[in-house]
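*Asks:* Structure for this input, please:
(2 chains)
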Amino acid sequence: MAIQERLATGRGKYTPGYPDLDTGPVSYEDSISEEFFQAEREAIFKRTWLKVGRVEQLPRNGTFFTRELVGLGSIVITRHTDGQVYALHNICAHRGNKVVWQEHPTNETQGTARQFACKYHGWRYGLDGKCSYVTKRDEFFESLPDDQLAMPQLRCEVFAGFIFVNFSTDAPPLREFLGEKLTAELESWPFEKFTNHWSFRTKVKGNWKIGIDALLEWYHPAYVHGRFLNTNVAEAEKLVPPMDSYHYDLFTPHMLTSVPGPPVLKKKTGSVGPAARDMNWAYRLFRAGLFGPDDIRTDLGHLTDDRNPGGIRAWSNDQYWLFPNLSIQLWGRGYYITYQYIPETVGTHAYEVDIYFPEPRTASERLAQELVVDSTIEFAMQDTNTVEATWSQLNNRALQTFHLSDMELMIRQFHKVVRDAVAAHQAGSEK
Amino acid sequence: MTTTATGLLPEPFRALEPWVTDWALATREERYQKRLSKTIDELQAFYDAIAPLAEDAIAYLDTRDVHALSDQDTRLLHLLYSMIMTSYPVNIFKQPRIPDSGAAYFDTAVEPAL
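*Replies:* Got it, this is the predicted structure:
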């Protein structure tokens, strides 16, 4: 039976189940207005928890890495001698020079240090930011507040191994912001076992929200990615699960969608048969594809009752959207992916895709990982180009209202949550 | 395809030695650059050469400790990575670039040592 019939639930439309969402045409002014972009930075990015890395990037006391967050600042994430993770504004208390950088001051860097020394006049700082030594101290005056000199700390909290920072001092704690559902369902995934890591980065010419929109719906795969499925669009359409087979949960400001996928191959017994210029043959050879390896490891403890909270058929992965700009995808076949969209200007963002597998035990496990990673990136490149093609046209304002189907309810919700956050901040009534 | 040395690969896979110079590449970035530098005919020639040996090569490598591979075995593994790198162009795209990907390019910031 075809996947369309096999997975259909007949549940009807999703959007009407969310009384806060209407079904009318939408405006993308929130994605092209310079004024809105500035307001969004103030209302959201300067006061919301933002993921900046993972604890595996700080394996020992004395390790650090920097992040260059355009419009927000350069920050240093460290593991101090007390074992704690700190986030510091990357600025010298003397005359404001950027303290931690290598070769090029706008490039991110990483390493190990007992302390940081400013390249300008040699002031030194512990990895908790406290100034430990002022060169030529005697030449300064009594006004120098030795005990208070520091690279200022900003709020930094770790959740499930993800390091978050917050540029605001009055935002609620991270776990409160994430809420019970996210904390429970994400913490039951054993992230620490997924250390075989690929990281891909690019800059995209488009508003960050338009980038996110491309991963918020399951309408596009048969068209943007159709040739991966079948060169005949009508056939490709039949290979994408029906719209009512997904699970959505819009728990403002965060979101979840659970996604169905194909069954795994039967356990390998004989030969895959003669070599062929056929991707299905290559998938069978390497026992992997876009939806993961076909030999699922049972030693990871990742398939807990928290997976597939909506109980969909043929479940493949849970895609959590952590407001404002992070997706964490937990894949049943034993890996996870994060997608993050970091705005730089109203029309550009940094796009980061990180894929995490367990350490492979055999060459065939490693090769299956390679095929999954390669497939993921081939798809992502097509998505990225579509984002650029879309944003350039939105920005021309030849049309000013657009149309979202029921399949695109997460786009409707996401833009509403952003607009509501900006409005609340501007009204001075943010919760 | 100027390689004439022997002993670059484990004995059962010596027939692939002419491909070592171009395709036994340690990083994804190098493999992707190589893919973009080739014509689809060249990608097909490599794919057609390695595909018939790939199942045996995987089985052979699975008899080894993947975390302590010899140089020969590592080259064979890298050739299989390159087979994966060329498989979408050969089997689906019919061109080295991803169709409709324009100028899109992902930098590989981190990848496993192996």
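
*Asks:* CA only for contacts and neighbour counts going forward, please
*Replies:* Fine.

*Asks:* List the contacts of B:Glu48.
*Replies:* For the record, residue B:48 is Asp, not Glu. Listed by Cα atoms under 8 Å, 6 or more residues apart in numbering or on different chains, the contact set of B:Asp48 reads A:275, A:277.

*Asks:* helix, strand or coil for it?
*Replies:* helix (DSSP: H, G, I helix; E, B strand; the rest coil).

*Asks:* Please report how far it lies from B:Val20.
*Replies:* 15 Å (Cα to Cα, to the nearest Å).

*Asks:* now do B:Phe46
*Replies:* In terms of Cα to Cα, B:Phe46 sits 10 Å off from B:Val20.

*Asks:* now swap in A:Thr345 and tell me
*Replies:* 44 Å.

*Asks:* Could you do A:Tyr223 as well?
*Replies:* Counting by Cα to Cα, the gap from A:Tyr223 to B:Val20 is 37 Å.

*Asks:* With neighbour numbers in mind, choose between the two.
*Replies:* A direct count of neighbours by other Cα atoms under 10 Å in any protein chain shown for A:Tyr223 and B:Val20 places B:Val20 higher, at 19 against 14.

*Asks:* any idea which element the more buried one lies in?
*Replies:* Here B:Val20 sits within helix B:20-23, counting by DSSP states H and E.

*Asks:* which of the residues in that helix are buried?
*Replies:* Buried residues in helix B:20-23, counted by 16 or more other Cα atoms under 10 Å in any protein chain shown: B:20, B:22-23.

*Asks:* Quick one: name the residues of chain A near chain B.
*Replies:* Those residues of chain A that sit near chain B, judged by Cα under 8 Å from any Cα of the partner chain, are A:196-202, A:227-228, A:271-272, A:274-279, A:282, A:285, A:360-364, A:367, A:370-371, A:374, A:378, A:381-382, A:384-385.

*Asks:* Could you tell me which of those residues are located in helices?
*Replies:* A:227-228, A:279, A:282, A:285, A:363-364, A:367, A:370-371, A:374, A:378, A:381-382, A:384-385 (DSSP state H).

*Asks:* where does the stretch 151-300 of chain A have low pLDDT?
*Replies:* Nowhere does the stretch 151-300 of chain A drop to pLDDT under 70.

*Asks:* Does A:Tyr335 touch A:Phe357 like I think?
*Replies:* Yes - using Cα atoms under 8 Å, A:Tyr335 is in contact with A:Phe357, at 4.8 Å.

*Asks:* any residues in contact with both of these two?
*Replies:* With Cα under 8 Å, 6+ apart as the test, A:Tyr335 and A:Phe357 both reach A:Phe194.

*Asks:* between those two, who's got more neighbours?
*Replies:* A:Tyr335 (25 against 21).

*Asks:* Mind listing the residues bridging to that one?
*Replies:* A:Trp331 (DSSP bridges).

*Asks:* Quick one: residues contacting it.
*Replies:* A:194, A:292, A:355-358.

*Asks:* Looking at those, which are in strands?
*Replies:* In this view, the contacts of A:Tyr335 that belong to strands under DSSP state E are A:292, A:355-357.

*Asks:* Just among those residues, which is most surrounded?
*Replies:* A:Gly292 (26 neighbours).

*Asks:* That one pairs with what?
*Replies:* A:Gly289.

*Asks:* how far away is it from A:Leu367?
*Replies:* According to Cα to Cα, A:Gly292 and A:Leu367 sit 11 Å apart.

*Asks:* How about the residues of chain B by chain A?
*Replies:* B:48, B:51-52, B:54-55, B:58-59, B:61-62, B:64-66, B:77, B:80-81, B:84-85, B:87-88, B:90-93, B:98-112.

*Asks:* of those residues, buried ones?
*Replies:* By 16+ other Cα under 10 Å, the residues of chain B next to chain A give B:48, B:51, B:54-55, B:58, B:61, B:66, B:77, B:80-81, B:84-85, B:87-88, B:90-93, B:98-99, B:101, B:104-106, B:108, B:111 as buried.
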